[in-house]
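1. mind looking at a prediction? Sequence and model below.
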Amino acid sequence: MRKAEKRILAPLTTAIEGAEAGILDRLWEVVEDRRRSGDTMTSHSARLIARGTAKVAQKLGEEAVECVIEAAIGNRKATVLESADLLYHLVVVWVDAGIRPQEVWGELARRQGISGIAEKASRPQGILRAAGTRKLP
Ligand SMILES: N=c1c2ncn([C@@H]3O[C@H](COP(=O)(O)OP(=O)(O)OP(=O)(O)O)[C@@H](O)[C@H]3O)c2ncn1[C@@H]1O[C@H](COP(=O)(O)O)[C@@H](O)[C@H]1O
């Protein structure tokens with residue numbers, strides 16, 4: 001790795017040390033705290049939630065699109081930054097909807113060991129056919 005690359009990646013490397021998935025649980029607690037406080041003067045989360053569910057969901061969509069764009073053009077560093085924005089806004093969606101992270105972790109755990117291909121094949125096909133969808137394979 002060249003010296004200049006090392007300098008650019010240094011803040012990310014520092015952030016990685018001591019960081020793990022539990023950070024989402026802690027982030028949820030902070031955002032839930034902000035929701036309860038309703039302090040729109042000092043908290044971005046409280047301000048966003050005060051704008052209503054549709055706005056909260058819209059922001060998640062915007063961040064998802066930004067992440068998709070960076071990933072599609074292969075901009076690795078920007079994809080990391082946009083991923084963090086996306087996860088933060090997903091946590092705001094959960095808080096707004098009254099969903100605890102444990103519910104999502106539970107669903108992920110339930111799916112562990114089940115192949116996505118096998119799961120899709122086991123879905124009832126009638127509903128999709130009745131809806132007349134033309135999804136790409
Ligand atoms: N991880 C984040 C985080 N990521 C992004 N953002 C903010 O999200 C906002 C996104 O900006 P945008 O311009 O896209 O959105 P917007 O300001 O709603 O503007 P519009 O789309 O409405 O025009 C910026 O203000 C970012 O700073 C975040 N704000 C907070 N957090 C975390 O949430 C914690 C609580 O933050 P507060 O609620 O502000 O106390 C913080 O300690 C952080 O850990």
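-> Looks like it arrived, so ask away.

2. residue numbers of this structure in contact with the ligand?
-> Near the ligand, the residues belonging to the chain are Leu27, Val30, Val31, Arg34, Ser43, His44, Ser45, Ala46, Leu48, Lys59, Asp85, Tyr88 when assessed by CB under 6 Å from any ligand atom. All C-beta atoms are positioned from the backbone trio N, CA, C, and that covers glycine.

3. from Ala78, how far out is Ser45?
-> In this structure, Ser45 and Ala78 are separated by 23 Å, where distance is defined by CB to CB, to the nearest Å.

4. please report phi then psi for Arg51.
-> phi -80, psi -10 (degrees, to the nearest 10).

5. now whichever helix in the chain runs longest: average pLDDT?
-> The helix spanning the most residues in the chain, taking DSSP state H as the definition, is helix 76-97. Confidence for helix 76-97, expressed as mean pLDDT, is 98.

6. then that helix to PDB, C-alphas only?
-> Extracted C-alpha coordinates of helix 76-97, given in PDB (Å, rounded to 0.1, in the frame of the first residue of the first chain):
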ATOM      1  CA  ARG A  76     -15.000   1.300  -2.200                       C
ATOM      2  CA  LYS A  77     -14.300   4.100   0.300                       C
ATOM      3  CA  ALA A  78     -17.500   6.000  -0.500                       C
ATOM      4  CA  THR A  79     -19.400   2.700  -0.300                       C
ATOM      5  CA  VAL A  80     -18.200   2.300   3.300                       C
ATOM      6  CA  LEU A  81     -19.300   5.900   4.100                       C
ATOM      7  CA  GLU A  82     -22.600   5.500   2.400                       C
ATOM      8  CA  SER A  83     -23.100   2.200   4.200                       C
ATOM      9  CA  ALA A  84     -22.700   3.900   7.500                       C
ATOM     10  CA  ASP A  85     -25.300   6.600   6.500                       C
ATOM     11  CA  LEU A  86     -27.600   3.800   5.300                       C
ATOM     12  CA  LEU A  87     -27.400   1.800   8.600                       C
ATOM     13  CA  TYR A  88     -27.900   5.000  10.700                       C
ATOM     14  CA  HIS A  89     -31.000   5.800   8.700                       C
ATOM     15  CA  LEU A  90     -32.200   2.200   8.900                       C
ATOM     16  CA  VAL A  91     -31.900   2.400  12.700                       C
ATOM     17  CA  VAL A  92     -34.000   5.700  12.600                       C
ATOM     18  CA  VAL A  93     -36.600   3.800  10.700                       C
ATOM     19  CA  TRP A  94     -36.600   1.000  13.300                       C
ATOM     20  CA  VAL A  95     -36.900   3.500  16.200                       C
ATOM     21  CA  ASP A  96     -39.700   5.400  14.400                       C
ATOM     22  CA  ALA A  97     -41.600   2.100  13.800                       C
END
